[in-house]
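In: Sharing a model prediction with you, sequence too.
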Amino acid sequence: MRRLKLVLILCLFSAAANAQFISNNKKVADVYFQNNEYYAAAEYYKRALQISPDSAGFVLPYGFENKIKEEGPNQDDQEYATFQLAESLRLYKNYTDAEQWYNLAKDFKNPKYILASFWYAETLRANQRFPEAIAAFNDFLNKYRVNDSYAANAKIEIASCQFALYEFRYPRLFKMSRLQNNINNKGSNYTPTLNGDDFYFTSSRPVSSLGRKEVLSDRDKTTKVTKKESPYLNAVYEVSGSPLTESISVKRIGTGGKGKESAAPAFHPNGQVMYITSWTANGDKKIYRLNAVDGGKSWSEPAELGAQVNVKGFNAIQPFVSKDGKYLIFSSNRPGGIGKYDLWYCPLRTDGSVGQAINMGKSINTDEDDQAPYYNPKTEKLLYSSNGKVGMGGFDFYEVKGDFTTWTEPRNLGYPFNSSKDDIYFSSVDDLDTEGYISSDRESLCCLEVFHVKREYLSVRGVVFDCNTMKPLTNATILLVDSLEQFSITTDQSGAYHFKVSSNRKITITAEKDKYLSKVISFNYDDLAKKDTLFSPDICLIPYEIDKPIVLKDILYEFNSAELTPDSELQLDHLYTIMIDNPNIEIQLNAHTDSKGVDIYNLDLSNRRAKSCVDYLVSKGIPEERMTSMGYGEGVPIAPNEIKGKDNPEGRALNRRTEFKVTKK
């Protein structure tokens with residue numbers, strides 16, 4: 001009996017200790033989570049779940065999946081800690097580990113965890129498991145009965161996964177390489193930019209905190225946690241040496257002011273003015289201006305821009321000055337926008353003051369976040385990042401063309417420029433944006449890193465010549481259309497043309513010249529893959545005059561019949577291509593016979609044969625109203641049917657012919 005009491009007391013003590021352990025760690029984790037300290041929060045949610053300290057990272061321990069399904073007094077706490085652990089991992093971008101914890105949480109019966117299914121699908125997408133992500137998003141939509149932003153985003157995510165599958169199959173012409181030097185150090189490294197020959201970027205790498213402590217509390221101020229002040233502070237850094245070399249020097253520059261963090265440096269083209277984003281721990285993010293002093297060796301104290309840019313109670317971030325110095329573009333969640341963060345621009349006056357901010361409109365901004373603008377007035381192209389459109393996943397780069405009055409539809413720059421994670425902050429090293437730097441967390445477990453990006457090009461060369469004389473055609477117009485834009489040039493004295501294009505998607509080349517039928521040639525991705533030069537030497541153009549017949553060779557019929565032979569249909573396909581390449585022409589198809597047979601029969605036979613050619617082209621999709629037919633029997637020979645009263649088989653063969661002539665262009 002005494003032994004039984006002892007066992008009972010030990011069990012009660014163990015249960016009480018267990019409950020206290022879970023409760024305390026959960027409260028500490030909640031404080032960290034509510035203060036956006038997601039890594040620390042994850043550690044304490046892990047403790048609350050009583051995962052052994054020797055468990056590697058956040059890997060799901062053996063047997064835990066079955067344990068979490070067991071009903072008991074602590075089930076609610078365990079489910080809560082599991083979901084919060086998944087949330088913490090996701091919010092500091094550890095999608096790899098978050099995936100396994102959301103995979104558990106998505107099956108919880110409590111409806112407050114319904115979004116675990118959405119986030120599970122998102123982690124699958126971030127981990128490039130696109131088919132599984134599509135299935136998971138569809139599963140979420142099947143059980144989620146609320147018509148809100150999550151339902152709308154799930155549909156966008158499904159389209160994005162399908163887009164990503166296509167992009168990974170057909171990569172675009174970009175070369176990406178992560179910088180292998182001290183620029184990509186501990187913490188996040190992002191916002192690469194150039195001021196002359198000097199390279200700047202933002203980093204949250206650790207700085208000395210001198211052992212200072214800070215107190216965090218939950219929303220109700222009932223639980224407090226004392227922790228060492230975070231050494232990971234955002235600041236602007238300057239690089240001595242080429243950012244592409246291994247040997248560089250990185251120096252922190254003073255831009256934020258006392259007690260502030262700073263990020264996203266942007267420079268006026270005169271090199272004497274810097275704009276930054278700066279903030280305190282509990283304050284709004286605002287844009288500041290600094291002036292170069294000491295001959296450009298250092299910078300003045302930051303001065304906050306006015307209400308045109310910074311609106312109290314809202315954030316203004318990521319300034320950029322257009323290369324002509326005319327516009328300050330930034331991202332903000334200020335009132336009057338379309339989504340969460342929108343792109344805005346202000347005119348920059350010659351005295352350095354800024355005009356009133358103008359929203360960049362619905363063609364650019366979405367219901368979600370649109371950020372990190374870059375505009376080149378020479379190309380009239382705006383490059384920015386958004387997480388509110390169909391894309392690869394996370395933030396993707398999009399490109400539009402315009403002049404701040406009108407803009408084209410945004411185009412996703414595809415893979416490998418974009419990845420399944422966040423891709424943001426482009427900066428160019430030349431006037432045509434052929435080379436530059438971006439920030440991406442594609443190769444990182446948690447943080448943005450700086451990558452060098454360079455456009456690669458496909459060289460397209462060829463010669464245009466006359467199909468009859470085989471001589472080169474000078475001043476023929478060659479129009480090349482790729483997936484992004486179109487180019488037009490004329491051939492030189494040798495009939496040659498040359499394009500340099502940055503797309504390896506479908507390319508269409510159209511060759512045109514006065515008094516010649518146009519020719520169109522198309523190449524798909526498979527034709528262009530793994531090539532740096534596309535040679536197309538066989539573009540010949542057929543000369544024509546209105547109402548002048550052109551003989552179609554080898555158009556044959558069954559004996560004494562208007563029925564086309566299979567070989568003749570193949571020959572008519574050539575005319576079909578001409579009709580497709582020249583959509584404005586109208587033609588007449590003519591059929592002729594030799595002198596064998598009765599005249600009236602030959603006339604009827606030729607009419608039927610000409611009509612059978614038209615019928616074949618109609619069956620291929622050419623509108624009937626673009627064609628007429630005419631039979632001439634033996635009435636219009638082009639060679640003698642007889643010579644000195646004797647049969648001339650060669651001449652009769654020439655007379656049995658089918659022709660077409662252009663009647664209208």
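Out: Arrived safely, thanks for sending. Numbering: from 1, shown residues only.
In: For N36, grab the count of nearby residues.
Out: 10 (other C-beta atoms under 10 Å). Bear in mind the C-beta positions are built from the backbone N, C-alpha and C, glycine included.
In: quick one: contacts for it?
Out: Applying C-beta atoms under 8 Å, 6 or more residues apart in numbering to N36 gives the contacts L91.
In: Now it: which helix or strand?
Out: Under DSSP states H and E, no helix or strand contains N36.
In: Now do the phi/psi pair for it.
Out: Phi and psi for N36, reported as degrees, to the nearest 10, are phi 60, psi 20.
In: From D197, how far out is it?
Out: 37 Å (C-beta to C-beta, to the nearest Å).
In: again with Y632
Out: For Y632 relative to D197 (C-beta to C-beta), the value is 77 Å.
In: Which of the two has more residues huddled nearby?
Out: Y632 (19 against 6).
In: tell me the phi and psi of the more buried one?
Out: The phi/psi pair for Y632 (degrees, to the nearest 10) is phi -110, psi 0.
In: which non-adjacent residue is nearest it?
Out: Of all residues not flanking Y632 in the chain, H592 sits nearest, at 5.2 Å (C-beta to C-beta, 6 or more residues apart in numbering).
In: Pull the contacting residues for the one you found.
Out: Counting by C-beta under 8 Å, 6+ apart, H592 has contacts 606, 631-637, 655-659.
In: any chance of these in JSON lines, plus secondary structure and distance to V273?
Out: What follows is the contacts of H592, written out as JSON lines (DSSP: H, G, I helix; E, B strand; the rest coil; distance: C-beta to C-beta, whole Å):
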{"residue": "S606", "secondary structure": "helix", "distance to V273": "81"}
{"residue": "G631", "secondary structure": "strand", "distance to V273": "80"}
{"residue": "Y632", "secondary structure": "coil", "distance to V273": "80"}
{"residue": "G633", "secondary structure": "coil", "distance to V273": "85"}
{"residue": "E634", "secondary structure": "coil", "distance to V273": "87"}
{"residue": "G635", "secondary structure": "coil", "distance to V273": "85"}
{"residue": "V636", "secondary structure": "coil", "distance to V273": "80"}
{"residue": "P637", "secondary structure": "coil", "distance to V273": "84"}
{"residue": "N655", "secondary structure": "helix", "distance to V273": "83"}
{"residue": "R656", "secondary structure": "coil", "distance to V273": "82"}
{"residue": "R657", "secondary structure": "coil", "distance to V273": "77"}
{"residue": "T658", "secondary structure": "strand", "distance to V273": "74"}
{"residue": "E659", "secondary structure": "strand", "distance to V273": "72"}
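In: In CSV: the residues you listed, plus pLDDT.
Out: As requested, the contacts of H592 are exported to CSV (pLDDT from 0 to 100):
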residue, pLDDT
S606, 88
G631, 92
Y632, 90
G633, 89
E634, 88
G635, 88
V636, 90
P637, 90
N655, 84
R656, 82
R657, 87
T658, 89
E659, 91
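In: Would you mind measuring from A639 to S568?
Out: 21 Å.
In: Correction: the previous question concerned I600.
Out: From I600 to S568 the distance is 24 Å (C-beta to C-beta).
In: Of these two, give the one with the bigger neighbour count.
Out: S568 (21 against 9).
In: Would you confirm that the more buried one contacts S561?
Out: No: with contacts counted by C-beta atoms under 8 Å, S568 stays clear of S561, the gap being 11.5 Å.
In: Name the residues that touch the helix or strand hosting T577?
Out: In this assignment (DSSP H and E), T577 forms part of helix 566-581. Contact with helix 566-581 is made by 510, 517-520, 542, 552-557, 564, 585, 587, 613, 616-617, 620, 622, 626, 660, as judged by C-beta under 8 Å, 6+ apart.
In: I'd like to know which of those residues are buried.
Out: 510, 517-520, 552, 555, 557, 564, 585, 587, 613, 616-617, 622, 626, 660 (16 or more other C-beta atoms under 10 Å).
In: just checking, which of those residues belong to strands?
Out: 510, 519-520, 552, 587, 660 (DSSP state E).
In: These: which two are farthest apart?
Out: T510 and L552 (22.6 Å; C-beta to C-beta).
In: Please pick the buried ones from the contacts of H592.
Out: Looks like those have 606, 631-634, 637, 655-659 buried, using 16+ other C-beta under 10 Å.
In: wait, which of those is closest to A81?
Out: T658 (81.9 Å).
In: How about the contacts made by that closest one?
Out: Taking C-beta under 8 Å, 6+ apart as the test, what T658 contacts is 551-552, 555, 589-592, 609-610, 613.
In: Setting aside sequence neighbours, what's the nearest residue to it?
Out: I555 is the one closest to T658 (C-beta to C-beta, 6+ apart), at 4.0 Å.
In: wait, the one you found sits on A610?
Out: No: using C-beta under 8 Å as the test, I555 is too far from A610 to be in contact (10.2 Å).
In: burial measure for D284, as a count.
Out: 15.
In: Show me which residues of stretch 585-600 are buried.
Out: Neighbour count says stretch 585-600 has 585, 587-595 buried, by 16+ other C-beta under 10 Å.
In: ok, of those, which one's closest to L328?
Out: I585 (52.7 Å).
In: Go ahead and confirm that closest one touches R626.
Out: Yes: contact criterion C-beta under 8 Å: I585 and R626 qualify, at 7.4 Å.
In: circling back to that earlier point, redo the ones in strands among the buried ones among the contacts of helix 566-581 as a markdown table? Include distance to N315 and pLDDT.
Out: As requested, these are arranged in a markdown table below (distance: C-beta to C-beta, whole Å; pLDDT from 0 to 100):
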| residue | distance to N315 | pLDDT |
| --- | --- | --- |
| T510 | 49 | 94 |
| K519 | 56 | 94 |
| V520 | 51 | 93 |
| L552 | 70 | 86 |
| I587 | 65 | 95 |
| F660 | 68 | 92 |
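In: re earlier: now the contacts of T658 as CSV including distance to G259?
Out: Putting the contacts of T658 into CSV (distance: C-beta to C-beta, whole Å) gives the following:
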residue, distance to G259
V551, 87
L552, 84
I555, 87
L589, 85
N590, 89
A591, 91
H592, 95
R609, 92
A610, 89
C613, 85
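In: can you list the domain ranges for this structure.
Out: 24-169, 174-207+233-454, 458-541, 550-664 (automatic domain parsing).
In: Out of those domains, which is closest to D220?
Out: domain 24-169 (9.8 Å).
In: any idea how far the closest one is from the chain center?
Out: 26 Å (C-alpha atoms, centre = their mean, to the nearest Å).
In: so how far is Q84 from Q272?
Out: 49 Å.
In: more neighbours, those two?
Out: Taking Q272 and Q84 together and counting by other C-beta under 10 Å, Q84 has the greater number of neighbours (23 against 15).
In: C-terminal to the helix or strand containing that one, which secondary structure element comes first?
Out: Q84 belongs to helix 75-91 when assigned by DSSP H and E. Per DSSP H and E, the first helix or strand lying C-terminal to helix 75-91 is helix 95-105.
In: which other helices and strands contact that next one?
Out: The contact analysis (3 or more C-beta pairs under 8 Å, 6 or more residues apart in numbering; DSSP states H and E) places helix 95-105 against helix 64-69, helix 75-91, helix 116-126.
In: Adding mean pLDDT and distance to D581, write those out as a markdown table.
Out: Listed next are the helices and strands packed on helix 95-105 as a markdown table, based on pLDDT from 0 to 100; distance: least, C-beta to C-beta, whole Å:
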| stretch | mean pLDDT | distance to D581 |
| --- | --- | --- |
| helix 64-69 | 75 | 62 |
| helix 75-91 | 93 | 53 |
| helix 116-126 | 97 | 42 |
